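[1] my questions are about this predicted structure, shown below with the sequence.
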Amino acid sequence: MENQLKIPKHIAFIMDGNGRWASQRGLSRSEGHKQGAEALKRVVEACAERGIEVVSIYALSCENWAKRPQAEIKFLFSLITQTAKKELRQYAELGYRVRFSGDLTQLPKSTQNAIRKVFDASKNNTGMLVNIALNYGSRQEITRAVNKILQAGMREIDEQMLEDCLYTAGLPSLDLLVRSSGEKRLSNFMLWQCAYSELMFIDKYWPDFDKNTLTEILEEYSKRDRRFGGVK
Ligand code: FPP
């Protein structure tokens, strides 16, 4: 199986279950998120080893921000800022590109600075693209795209125009979307991009994801018969 694995060009992860992972162990939710950031490192490294071109990560939704206790959001921003300064910086040095999707203007200034530095340091690289969704919502992304088209003076749109105004413009289409923790929802993540993606819901909390989990995911993906609405 290992040498017959089909490798998606573009894979996306909804990292879910950090809080439940922590409470099962009597730990704080913050510790769950910290371990979630460690899992992210393992998974991104495994994706690079497999030759995946683009990894999209749902790090923080607009809804997370609005609906979670302020203390948790504060912790998440400090974790994201630290991760940007350390791990994402290393990605830039390894030749990966790091890009961010979402309404970044609302983020704390320290987070904005840290992510801008990583983006700038990696933008001329040619390796794997790590696309991190922060304060992201798919409906907001589509609405923003339509507004951009209207502002350009268009009165009618086609699919390509809309695609070109999404955060994912120019990226390979999304082949596979994976959500951890057993929940079977998309939670406003890449709704347009998911039109023909394979969907996988894994019964494991995000902090337990590692290299072997990615191998299992790729094994399952390799068995899927993608027809894009056609027949065999
Ligand atoms: C979902 O678990 C996870 C999050 C809302 C945040 C994940 C963010 C990180 C791990 C930071 C990573 C850093 C960068 C720069 C990408 P949950 O809290 O919804 O879990 P629960 O459903 O079990 O409560």
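    Great, that's in hand. All values reported here derive from a predicted model rather than from experimental measurement. Residues are numbered from 1 along each chain as shown.
[2] Asp175 is in contact with Cys194, correct?
    No: judged on C-beta atoms under 8 Å, Cys194 makes no contact with Asp175 at a distance of 10.4 Å. All C-beta atoms are positioned from the backbone trio N, CA, C, and that covers glycine.
[3] for the helix or strand of the chain with the lowest mean pLDDT, buried residues please.
    Here the helix or strand of the chain ranked lowest by mean pLDDT, DSSP states H and E is helix 62-67, holding a mean of 86. Neighbour-count burial for helix 62-67 flags Cys62, Asn64, Trp65 (criterion: 16 or more other C-beta atoms under 10 Å).
[4] closest to Trp206 out of these?
    Nearest to Trp206, judged by C-beta to C-beta, of the buried residues of helix 62-67 is Asn64 at 13.7 Å.
[5] going by distance to Ser138, which of the buried residues of helix 62-67 wins?
    Of all those, Cys62 has the smallest distance to Ser138: 9.8 Å, by C-beta to C-beta.
[6] tell me how far Glu219 lies from the ligand.
    According to C-beta to the nearest ligand atom, to the nearest Å, Glu219 and the ligand sit 25 Å apart.
[7] cool, Leu150 as well?
    Taken as C-beta to the nearest ligand atom, the span from Leu150 to the ligand is 32 Å.
[8] can you give me the pLDDT of that residue?
    Predicted confidence (pLDDT) for Leu150: 96.
[9] after the host helix or strand of it, which helix or strand is next? Please name it.
    If you go by DSSP states H and E, Leu150 is part of helix 138-151. Next in sequence after helix 138-151, counting helices and strands by DSSP H and E, comes helix 159-164.
[10] name the helices or strands packed onto that following helix?
    Contacts defined by 3 or more C-beta pairs under 8 Å, 6 or more residues apart in numbering; DSSP states H and E place helix 159-164 against helix 138-151.
[11] can I get the helix it packs on in CSV, CA atoms only?
    As requested, the backbone C-alpha atoms of helix 138-151 are provided in CSV (Å, rounded to 0.1, in the frame of the first residue of the first chain):
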residue,chain,number,x,y,z
SER,A,138,-16.1,30.9,4.4
ARG,A,139,-19.3,32.9,4.0
GLN,A,140,-17.3,36.1,4.8
GLU,A,141,-14.8,35.0,2.2
ILE,A,142,-17.4,34.6,-0.5
THR,A,143,-19.2,37.8,0.4
ARG,A,144,-15.8,39.6,0.3
ALA,A,145,-15.1,38.2,-3.1
VAL,A,146,-18.5,39.3,-4.5
ASN,A,147,-17.9,42.8,-3.1
LYS,A,148,-14.5,43.0,-4.7
ILE,A,149,-16.1,42.1,-8.1
LEU,A,150,-18.9,44.7,-7.6
GLN,A,151,-16.3,47.3,-6.7
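[12] and for Lys9, the neighbour number?
    For Lys9, the neighbour count with other C-beta atoms under 10 Å is 14.
[13] isn't it right up against Asp175?
    Yes: counting by C-beta under 8 Å, Asp175 is a contact partner of Lys9 at 5.9 Å.
[14] can you pull up the bridge partners for Ser61?
    Beta-bridge pairing for Ser61 (DSSP bridges): Tyr136.
[15] pretty sure it is touching Phe189, no?
    Yes: Ser61 lies in contact with Phe189 (C-beta under 8 Å); the separation is 7.3 Å.
[16] thinking again about what came up before, what's the helix holding Leu150 in contact with?
    62, 101-103, 157, 161-162, 165-167, 186, 188-192 (C-beta atoms under 8 Å, 6 or more residues apart in numbering).
[17] quick one: which of these is most hemmed in?
    For the contacts of helix 138-151, the largest number of neighbours (other C-beta under 10 Å) sits with Met190, at 25 neighbours.
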